[in-house]
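Enquirer: got a predicted structure here, sequence first:
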Protein chains: 4
Amino acid sequence: MPVPPPNLNPPFNIVRLSHAELRVTDLGRARAFHADLVGLQVTHEDAGTVYLRGMEERGHHCLILRQAEAAGVGHLGFKVWEEGDLDRLHAFFTERGLPASWVERPFMGRVLAVRDPWGVPLEFYAHMDRLPPIHQQYGLYRGVKPLRIDHFNLFASDVDGVMAFYTDLGFRLTEYTADEESGRTWAAWMHRKGGVHDIAFTNGTGPRLHHVAFWVPTPLNIIDLLDVMSTSGYLARIERGPGRHGISNAFFLYVRDDDGHRTELYCSDYQTVDPDLEPIRWDLKDPQRQTLWGAPAPRSWFEEGAVFEGAALVESGLKATPIVAP
Amino acid sequence: MPVPPPNLNPPFNIVRLSHAELRVTDLGRARAFHADLVGLQVTHEDAGTVYLRGMEERGHHCLILRQAEAAGVGHLGFKVWEEGDLDRLHAFFTERGLPASWVERPFMGRVLAVRDPWGVPLEFYAHMDRLPPIHQQYGLYRGVKPLRIDHFNLFASDVDGVMAFYTDLGFRLTEYTADEESGRTWAAWMHRKGGVHDIAFTNGTGPRLHHVAFWVPTPLNIIDLLDVMSTSGYLARIERGPGRHGISNAFFLYVRDDDGHRTELYCSDYQTVDPDLEPIRWDLKDPQRQTLWGAPAPRSWFEEGAVFEGAALVESGLKATPIVAP
Amino acid sequence: MPVPPPNLNPPFNIVRLSHAELRVTDLGRARAFHADLVGLQVTHEDAGTVYLRGMEERGHHCLILRQAEAAGVGHLGFKVWEEGDLDRLHAFFTERGLPASWVERPFMGRVLAVRDPWGVPLEFYAHMDRLPPIHQQYGLYRGVKPLRIDHFNLFASDVDGVMAFYTDLGFRLTEYTADEESGRTWAAWMHRKGGVHDIAFTNGTGPRLHHVAFWVPTPLNIIDLLDVMSTSGYLARIERGPGRHGISNAFFLYVRDDDGHRTELYCSDYQTVDPDLEPIRWDLKDPQRQTLWGAPAPRSWFEEGAVFEGAALVESGLKATPIVAP
Amino acid sequence: MPVPPPNLNPPFNIVRLSHAELRVTDLGRARAFHADLVGLQVTHEDAGTVYLRGMEERGHHCLILRQAEAAGVGHLGFKVWEEGDLDRLHAFFTERGLPASWVERPFMGRVLAVRDPWGVPLEFYAHMDRLPPIHQQYGLYRGVKPLRIDHFNLFASDVDGVMAFYTDLGFRLTEYTADEESGRTWAAWMHRKGGVHDIAFTNGTGPRLHHVAFWVPTPLNIIDLLDVMSTSGYLARIERGPGRHGISNAFFLYVRDDDGHRTELYCSDYQTVDPDLEPIRWDLKDPQRQTLWGAPAPRSWFEEGAVFEGAALVESGLKATPIVAP
């Protein structure tokens, strides 16, 4: 199945991914992980919720931690260019018979809450409270020095279908994994903001959130985080890395909080603003697409993910045997 | 004079800066500097011209070196989203009585050559030949490992005027220097592609090109270049740095080729895709805007630049005494 | 079995490890690996031999590659303080009934060739040809930018015995692995020159050379090497890493040449010149001693090593089940 | 005047520089600078004194801050190999008619306090309290991540004389600046522990302490410190750098505390354990000896230093015009 051509003139302008809401079972522990250890800045907190941002972000938050009975994902947030885009998105989802409603969210203007065809809860907005810059308050930098949210990665039961839908939304493909045997697409990296991705999809029981990624300054910040985690009680929370992805070319590390929410620390992918950027094709049989340097990922990385509230899980028909570390 | 509000819906979509044509008096020496020392990849060369690209670029070139009698700048190139943008740009310049004509350029589709009101030669195109990716051919990386062109910086005799014109073109302001005494804007950083700038303007006799900047992976690559330059006959070509700019927050180094063309090696600024990004204001009296760490720049950095072929120089009415190193 | 007390006043002064002679079956391929890829500088070569040094070394060589029928290790070289030390070493080995003879070696003064009790061929000298400094000829730096030889690591069938013998030679223990079950020492790191080790011994069929290590500037140089190896035909030569050792605290990578000779690229251990430095004890059951961040090593790393010409292999009585990656 | 030959068999074994006692006029501010900002670990404090160590040091302290009426230097400390060395040093100083006495110091065994011929107060010891390792408690790392004390640098009114005296003490020359006009040595770098220096001397009104240097992991840690200092009220405390020294090849930064005590943050010099290491000669007229990359140092760096309690200042007869930044 050939990948879809880029949709260069979508009817609305989704600027970038913006934030994720994670449901956590111990808010204090989650705050310790994401703020004290990883280094995101707390911008607001109350009894049941903590809001955080990266060091160069001016929007109020890129991560919401919400106390809940069970771990899961509340929604994935995206910023649009202008208010009119929200109305056009409302029409887009409604016309397709998909859930779409206006909801109230703290620190934000109008918010459109929708579900994609697989049930993933997405929220769009044009205005979020803006905060003063802190990127030059270097005394505040902590942990891995996370600068900004970079992307979401999801398990999808039908990557070809998902890729077509998000192409309609204006997301453009940068890299993908083709499964020659089945003729299907195994995984797809799609962007809006000019990097390798705002959102990626990998074949598997879905929809589930695989990880949220944050951009960090250099590989040495990731090494610093590894040193701290491995000597302060977080050794078991290191899941995979450090390494370089073949796909995206990024230097990466995957860590997990107490609820299993996976965070990728990520740097050094490349600029993709050209409308005629040719997607890079990787073969499912090429192990370097996952790790350029050859070290396999652990089984948990291939199998575990977080469910979205209210989205039914569907198994993928596509199967493969991943090469895993024990 | 207040800075102009962002122009969020310009009639055309300029995607990003693309390339510069530099006139050089010794092509072999210029090639040695930009390819062998700095590390740009030669993509084509003939008797009088060398074309180069950065390691992650797929477009045919980001720098053209052209043998000439005298040093100077041929033109500054920009990529637009689609062919229709070129026609709309043609109308924009023609309606304002500015030069605008269609020209032939190797490796490119239709090219629109114009002059801005101060005579700066700009060229726009939608299609340039695309080359296979080489960003993962690590054996090819050389010198400072330049990944892509990042921005142009120009001296301008009327920064407020220039800022208004480029705002009409859709460039959005990210940072600027205000001169409280005169009520004028001293310098302006404006972007299209989502970083701090595609083009910047600083008060001074203009129009002249101050520098072309290339994005590099980390500050350590800049340190490597300094070590090589200082021990292989290029010591006098190091002009300023390393340091961190207050404005843009980038880590920088300025070097100059045999004709005095200034190249900035640059990394670690921040993402600016939000349409409601608030420009950061710096006061002309704040020396940290230039160098966060306090070391002054040499006089040459404030005064010297390259002329654009066919553009008359105008002195700025605004004067200030820069803090310089000897 | 308690570790031996430090021998603070040995009868001779071994200054440091100096060089290794590796037997290789394809000299051209070995030269490509160690010089072109890793970046050691060739200081002399003839039909059957290549001599190399690190970028900051003034001695003529730290590595000798010698064409041979079969892969193996010729000898391990050590530099002593003065000529008299050679005579005192000659007496030391002779008195113990160990082989000791004076041999001729190119580029060197008097050379004493001996065997330790397990048959490891050691060579001692006071004078090797000195070469002009090149550490500030940055244009010559290549590959991982190896600065100097750092240490040898050997499999030993009787680590407690070996540790006692090398303590008599004046080597001082910095870190060791204790096997509580057997009461034996599993592994020992011993130094002369003020780092964590000049030589280390690990339990296993021995004597065999596990690896020779070179000191590199920063972890980013190791990441650079990984990128180059994985994209230029050397992917299968990456064996383990990058990572941080618990023992030594060093950042490491293990790579192997075509004959399987293992090279460690190593940086950031610590200074050990104090005579009262307390050795750090690690328990055999603590997996962080090998990899602070938790990723297991591959089986080959635990099992494979290079034989010393003329030394009979002895199996160790101590057995353990390593935690390995597949 | 030729430099003295190395003294390869001194009658005592000075292992390394160990610590400095700085007199400060505001202990709280000094503690904030050296502990909170630079990142040394406080190991003991009382009403009038703070003791600190680097992250990899096991000795109790490498820096003592002592509240005093006026800024100055109490003494410079050195560790010897064994108790007998102290007695031999006592004899050495006494035979030369120099002050030498046994003093009591907290956290230490026998301490020999002496003056060198120019009045510099030196203290020697074999035993200082040992502390548990913290180099793998990465959660404790702060600021520039200082690992260990590296060297002292002093102004000396007679560098040739000083060099001869410290050669008698067993210090070995690694690099020096020759003033061809006067035939004198302008500056000398001398070591015991196997790096470029434990102590260096530069021509000038002396004796005065120019700086104490600490070893840090990589240049990026120095860049981090610059970012923090320049944005948290310490901008004026940045004196010189970052840069690379020609002499020593080290990457450096000089900062100053509120009393003007100068600290160098320093990394990446080279190993000097070979007894036949040839000293590198630099000409006084070569500006790259100070800064390989060419940027001049500020005047304060050439002129300002801290006095030693009880040592009379002598002007040097040698004069030169430094190349300075304004």
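Expert: In hand now; what should we look at? Here the structure is a predicted model, which is why all the values come from computation and not from measurement.

Enquirer: next, give phi and psi for the residue of the stretch 151-300 of chain A found nearest chain D.
Expert: For the stretch 151-300 of chain A, the residue closest to chain D is A:Asp227, as judged by Cβ to the nearest Cβ, at 4.0 Å. In short, each C-beta sits where N, CA and C put it, glycine included. Dihedral pair for A:Asp227: phi -60, psi -40, per degrees, to the nearest 10.

Enquirer: likewise A:Ala213?
Expert: In terms of degrees, to the nearest 10, the main-chain angles of A:Ala213 are phi -110, psi 150.

Enquirer: and it, how many residues sit next to it?
Expert: 26 (other Cβ atoms under 10 Å in any protein chain shown).

Enquirer: wait, it sits on A:His151?
Expert: Yes - assessed by Cβ atoms under 8 Å, A:Ala213 is found in contact with A:His151 at 4.9 Å.

Enquirer: please enumerate the helices of chain A.
Expert: Applying DSSP state H to chain A gives helices spanning A:27-31, A:83-95, A:159-168, A:219-230, A:299-303.

Enquirer: tell me the buried residues in the last one?
Expert: Neighbour-count burial for helix A:299-303, with 16 or more other Cβ atoms under 10 Å in any protein chain shown as criterion, is recorded at A:300-302.

Enquirer: closest to chain B among those residues?
Expert: After measuring the buried residues of helix A:299-303 against chain B - Cβ to the nearest Cβ - the closest member comes out as A:Trp301, at 21.8 Å.

Enquirer: before we move on, the earlier item: which neighbours do A:Ala213 and A:His151 have in common?
Expert: Residues touching both A:Ala213 and A:His151 (Cβ atoms under 8 Å, 6 or more residues apart in numbering or on different chains): A:Tyr266.

Enquirer: now the end-to-end length of stretch A:123-131.
Expert: Length of stretch A:123-131, first residue to last, Cα to Cα, to the nearest Å: 21 Å.

Enquirer: cool, stretch A:49-61 as well?
Expert: Start to finish, the residues bounding stretch A:49-61 are 12 Å apart (Cα to Cα).

Enquirer: does it come close to chain B?
Expert: Yes - using Cβ under 8 Å from any Cβ of the partner chain, stretch A:49-61 reaches chain B at A:56, A:58-59.

Enquirer: can you tell me which of the residues you listed is closest to B:Met128?
Expert: Set against B:Met128, the nearest of the residues of stretch A:49-61 next to chain B by Cβ to Cβ is A:Glu56 (30.8 Å).

Enquirer: check the stretch 51-200 of chain A for the residue nearest chain B and tell me.
Expert: Residue nearest to chain B within the stretch 51-200 of chain A: A:Glu56 (4.2 Å; Cβ to the nearest Cβ).

Enquirer: go on, the stretch 151-300 of chain A?
Expert: For the stretch 151-300 of chain A, Cβ to the nearest Cβ, closest residue to chain B: A:Tyr270, 4.2 Å.

Enquirer: residues of the stretch 101-250 of chain A that sit close to chain C?
Expert: A:218-220, A:223, A:226-227, A:229-231, A:235-236, A:238, A:242, A:244.

Enquirer: which of these come close to chain B?
Expert: Within the set of those, contact with chain B (Cβ under 8 Å from any Cβ) is found for A:218-219.

Enquirer: of the residues of the stretch 101-250 of chain A next to chain C, which pair is most distant in space?
Expert: A:Thr218 and A:Ala236 (25.7 Å).

Enquirer: so where's the stretch 1-150 of chain A shaky on pLDDT?
Expert: For the stretch 1-150 of chain A, the stretches with pLDDT under 70 are A:1.

Enquirer: show me where it has strands.
Expert: For the stretch 1-150 of chain A, the strands defined by DSSP state E, counting those that start in this stretch cover A:14-24, A:41-45, A:49-53, A:63-67, A:72-80, A:100-103, A:111-115, A:121-125, A:148-156.

Enquirer: and A:Gly97, how many neighbours?
Expert: A:Gly97 has 8 nearby residues by other Cβ under 10 Å.

Enquirer: swap in A:Glu304?
Expert: 16.

Enquirer: next one: A:Arg256
Expert: 20.

Enquirer: on that earlier part again, and the strands of the stretch 1-150 of chain A, which is most packed in?
Expert: Greatest average neighbour count among those goes to strand A:148-156 (a mean of 25), per mean count of other Cβ atoms under 10 Å in any protein chain shown.
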